[in-house]
Each structure stands twice: as C-alpha cells, then as structure tokens.
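>>> Sharing a sequence plus its predicted fold:
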Amino acid sequence: HRSARRRLGLLVLVLLGLAGLALAWSQSPLRQWLDVDLLVSQLRRLGHGLGPWAAVAGFGLAVTLAVPLTPLILVAVLAFGPWVGAAYAVSGALAGAALSYGAGRFLGHTAVQRLGGTRLNTVSQRLAQHGLLAVIAVRMVPVAPFAIINMLAGASHIRLRDLLLGTVIGMAPSTLVMMLFMEPILAALKQPSALSAVLLGLGLALIFVGGWGLRRWLRQATQAAETRPTVQS
C-alpha cells in the first residue's frame, strides 16, 4: 500500500505537469513553437534526414508532452502530403498513446485496484466493458489533452488494444477532414476570412456532433448494461 500510494502521488504530479504543459502550449511563449511553418520544416527535416521512423517518433514524443494533437495532424499532412502525412500522424499518435498508457499503467493501475475502493474499481471495470467505444468518444470530442486521457486509461481497466483501436477510429474523421480540406484550413489559419471560418466551423461541428451522438449512445448502452438482470446459471 505504501508503494501504491507513492506511485499514485507520482501519477498525480505527472498529470498536473501535463495539464500545465497543455495550458502552456496555448497561453505562454511556448506557443511560438507551434508555428505551422516551423513545425512543418522540423518534421520534414526529421523525416528526410533520419527516415520516417524519426518523424513518427518526433510526433509521438510531441503528443506525449501534451502538444495538441489536431495541429500536429495538420502539420504532418502539410509536411508529407495527405496520405503519407496521415499515416505518420496515426502511427505517431499510436506510439505516444502506448507510451503514455504504459506510464499510467505502471504508476496508477495497482493504486486504483488497492486504494480506489469497491466503487471506483466497479466504475473502472464497467468502463472497460465499453472501452473501445469510450475511447472513440473521447477522441472525437476531446475532453482532456491526448496524453492525459492515455495515462488515465492505463490507470483504469481499459485494455491497450481498445485504446489503440479506438484512437485510430476516433482520429479518422478529423484526419480525413484535414486531408480533404488541407489548403482551406491552412488559409483560414494564416489569413482568416468569413468564408474560411464558416467552412472550418462546419467541419468541426460535424466532428463534434458525431462524437456527441456516439457518447450519448455509449451512455445509454452503459445504463442498459447496468440495469440488465443477471442470468443465473
């Protein structure tokens, strides 16, 4: 129990640090590092100089450090083209997800089981029963930074397989939008106009509405599973 408490305390500190980083990327001088042209040039240098695995590793490290996932997908698509860039983005996101999940599993899983009590473990187990759908929902409508969701999944009963597959499915809509509307999105970011803002808003609205519907369906399915009578053998 003492070791579990220490790990849980470290997990809390890491999560707070990631939350601080996520805030810093948008509200501090660190956001200068998220300049699209700068990121595109850096990612291209990694890919062309050290090979595609370096670009994937750089992407994975960035999402592990709470760099926002959506701008990184756009950067990868701009740097390497729609199909190759999307493949790099998904691969890097999976690598970052697995790394954060492993950290959460090491630091928090035992602590949740031993210190979380019956109620928390029951909630975690029920969530794991719909783990794939839960991951898809939070990927489509992100409620927290990518790295934090991954670490919390590792600390819970959600399986790594569900996390990775849910990440691929949940990333698909936004990645497809960026592949198809790469130039308008970039133009909207660099020189905002009324039309580009409307188109970008419509695309984002479709993603959020789809995620909201999926989350609602998941909540209803979970409630139905909880109220379903147990069949005695």
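Yep, that arrived.

>>> Quick check: chain neighbours aside, which residue is closest to the residue nearest the centre of the chain?
The chain has residue 146 as the residue nearest its centroid, 3.2 Å off, counting by Cα atoms, centre = their mean. Setting aside the residues directly before and after it, residue 146 is nearest to residue 69 in space (Cβ to Cβ, 6 or more residues apart in numbering), at 4.6 Å. Bear in mind the C-beta positions are built from the backbone N, C-alpha and C, glycine included.

>>> How about residue 75?
Among residues not flanking residue 75 along the chain, residue 39 sits closest, at 4.4 Å (Cβ to Cβ, 6+ apart).

>>> Output the helix or strand where that neighbour lies as PDB, nothing but the C-alphas.
Residue 39 belongs to helix 36-50 when assigned by DSSP states H and E. The C-alpha trace of helix 36-50 is given here as PDB (Å, rounded to 0.1, in the frame of the first residue of the first chain):
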ATOM      1  CA  VAL A  36       2.800  25.800 -38.500                       C
ATOM      2  CA  ASP A  37       5.700  26.700 -40.900                       C
ATOM      3  CA  LEU A  38       8.300  25.900 -38.200                       C
ATOM      4  CA  LEU A  39       6.700  22.600 -37.300                       C
ATOM      5  CA  VAL A  40       6.400  21.600 -40.900                       C
ATOM      6  CA  SER A  41      10.100  22.300 -41.600                       C
ATOM      7  CA  GLN A  42      11.200  20.500 -38.400                       C
ATOM      8  CA  LEU A  43       9.100  17.400 -39.200                       C
ATOM      9  CA  ARG A  44      10.300  17.300 -42.800                       C
ATOM     10  CA  ARG A  45      13.900  17.500 -41.600                       C
ATOM     11  CA  LEU A  46      13.400  14.600 -39.300                       C
ATOM     12  CA  GLY A  47      11.700  12.500 -42.000                       C
ATOM     13  CA  HIS A  48      14.100  13.300 -44.800                       C
ATOM     14  CA  GLY A  49      17.300  13.300 -42.700                       C
ATOM     15  CA  LEU A  50      16.800  10.400 -40.400                       C
END
